[in-house]
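>>> below: sequence and its predicted model.
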Amino acid sequence: MEAGRRCRTCAAKASSPIRGFTPPARPGPPASRRWGPSGSSDSRPATARRSPNLNGGLARSRIALGGGWLEIDPAYIARSGATAGLLFESEARLAWGSGRFLQIEADGTISRARQSGDERRDRWLQLCGRNHLLGWSFLDLCLTQRESDRSLSQYEQREATLQFARLFTAPNSYHEIRLDLTERRQPEYRQPRAGLEWHSVWSGLATRFGIGVGQAVEGRTVERLDVFADLRWRMAGAVTGLALWQSRASGGQVFGIAQSDVSTGVALFRQITPVLDVSVQYVRTRSSVDLFDNQQVGLDLSWRFRIR
């Protein structure tokens, strides 16, 4: 499930949890979501990371099975260590009418561990049609492609999402409610999903809360429930963030044992300088299959510079 989820600390790094929201001076749609000129931006952060799983291997060297132990070939065991790499981020918008535009976002990451030679490549591409309806209501259609390659694992996922968003204000705060209907596709199956998110900007605090549910897929262990909370605030003049999440997956079998996983994570983010970020993440997975029961700690440093 790791490759299928974008970094939970990303919300803590963004400038606003309500994407494109600029409080208008008079009633009407937020200014930045009205018709406007096309544009693009690119950045390329250099990253340093302590990864708990460089090669996509198994977390355990042996598992309990049938009252005994099954030893795992060392070649398939996860290796941890430090990596260095580059993350490329790009975004472009093309306006085609009042309150309507196409938005393209592309991310690419390549990292390598010098000591072991393990390499990881991640790619993320999203194409969205953003459409203003009436007042502060919007209807968006997005197509997303995710891919991840490590020496022992490959991952590919496509999503088609229809999203309805409603913006509103309250005393000293701004809010956005999002309802998502998604079809998630992997090479072996399809899974319909639905999600609800609440993004807010308060006095000195930005928050995101969300819940997602997915339909069961016969014979496959898939994510059935996903909940998260992201908070961001300024501390000593620098952006600081906290992210909490939990996901539950079930439906498949391993060695004849019904698999049920519960993953719980926490991440802390801190902007050290305007161009240097640090985040630390802890994830604990409890599984009915001993093979997948594990805990991981990760550390990321990101130095950002603009290309254009």
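Yep, it's here.
>>> give me the element Ala95 is part of.
For Ala95, the element it lies in under DSSP states H and E is strand 81-97.
>>> elements contacting the helix or strand just after that strand?
Counting by DSSP H and E, the next helix or strand C-terminal to strand 81-97 is strand 100-112. Under the contact definition 3 or more CB pairs under 8 Å, 6 or more residues apart in numbering; DSSP states H and E, strand 100-112 sits against strand 46-51, strand 81-97, strand 119-132. C-beta coordinates here come from the backbone N, C-alpha and C atoms, glycine included.
>>> list the contacts of the spatially closest residue to Arg121 that is not a sequence neighbour.
Closest residue to Arg121 apart from its sequence neighbours, by CB to CB, 6 or more residues apart in numbering: Asp149 at 4.7 Å. Residues counted as contacts of Asp149 (CB atoms under 8 Å, 6 or more residues apart in numbering) are 120-122, 155.
>>> correct me, but Ser61 touches Tyr76?
No. In this structure Ser61 lies outside contact range of Tyr76 using CB atoms under 8 Å: 9.4 Å.
>>> would you state the helices of this structure in chain order?
All helices of the chain, identified by DSSP state H, fall at 10-13.
>>> pull up the distance across stretch 103-123, start to finish.
One end of stretch 103-123 sits 17 Å from the other (CA to CA, to the nearest Å).
>>> so for that stretch, mean pLDDT?
For stretch 103-123, mean pLDDT rounds to 91.
>>> flag every buried residue along that stretch.
103, 105-111, 113, 118-120, 122-123 (16 or more other CB atoms under 10 Å).
>>> ok so, going back, same list (the helices and strands packed on strand 100-112) but as JSON lines, adding distance to Ser279.
Converted to JSON lines, the helices and strands packed on strand 100-112 look like this (distance: least, CB to CB, whole Å):
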{"stretch": "strand 46-51", "distance to Ser279": "10"}
{"stretch": "strand 81-97", "distance to Ser279": "13"}
{"stretch": "strand 119-132", "distance to Ser279": "16"}
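>>> residues near Ser287, how many?
19 (other CB atoms under 10 Å).
>>> my read: Gln281 touches Ser263, true?
No. Using CB under 8 Å, Gln281 is not in contact with Ser263, being 11.8 Å away.
>>> so those two - more neighbours on which side?
More neighbours surround Ser263 than the other of Gln281 and Ser263, with 23 against 19 (other CB under 10 Å).
>>> pairing partners for the more buried one in the sheet, please.
Counting by DSSP bridges, Ser263 is bridged to Ser247, Thr285.
>>> show the contacting residues for it.
So Ser263 contacts 1, 246-249, 283-286 (CB under 8 Å, 6+ apart).
>>> could you rerun that using 10 Å?
By CB atoms under 10 Å, 6 or more residues apart in numbering, the contact set of Ser263 is 1-2, 5, 223, 226, 245-249, 283-287, 292, 294-296.
>>> drop anything exposed from these.
Buried residues within the contacts of Ser263, defined by neighbour count using 16+ other CB under 10 Å: 5, 223, 226, 245, 247-249, 283, 285, 287, 292, 294, 296.
>>> before we move on, the earlier item: neighbouring strands - and their directions - for the strand holding Ala95?
Applying DSSP bridges, one finds strand 81-97 paired with strand 39-43 (antiparallel), strand 46-51 (antiparallel), strand 100-112 (antiparallel).
>>> I'd like those as a markdown table, with distance to Leu205 appended.
Shown next, in a markdown table, are the strands paired with strand 81-97 (distance: least, CB to CB, whole Å):
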| stretch | distance to Leu205 |
| --- | --- |
| strand 39-43 | 26 |
| strand 46-51 | 28 |
| strand 100-112 | 26 |
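>>> closest one to Gly81 among the ones you listed?
Judged by CB to CB, the one of the strands paired with strand 81-97 that comes nearest to Gly81 is strand 46-51, at 6.7 Å.
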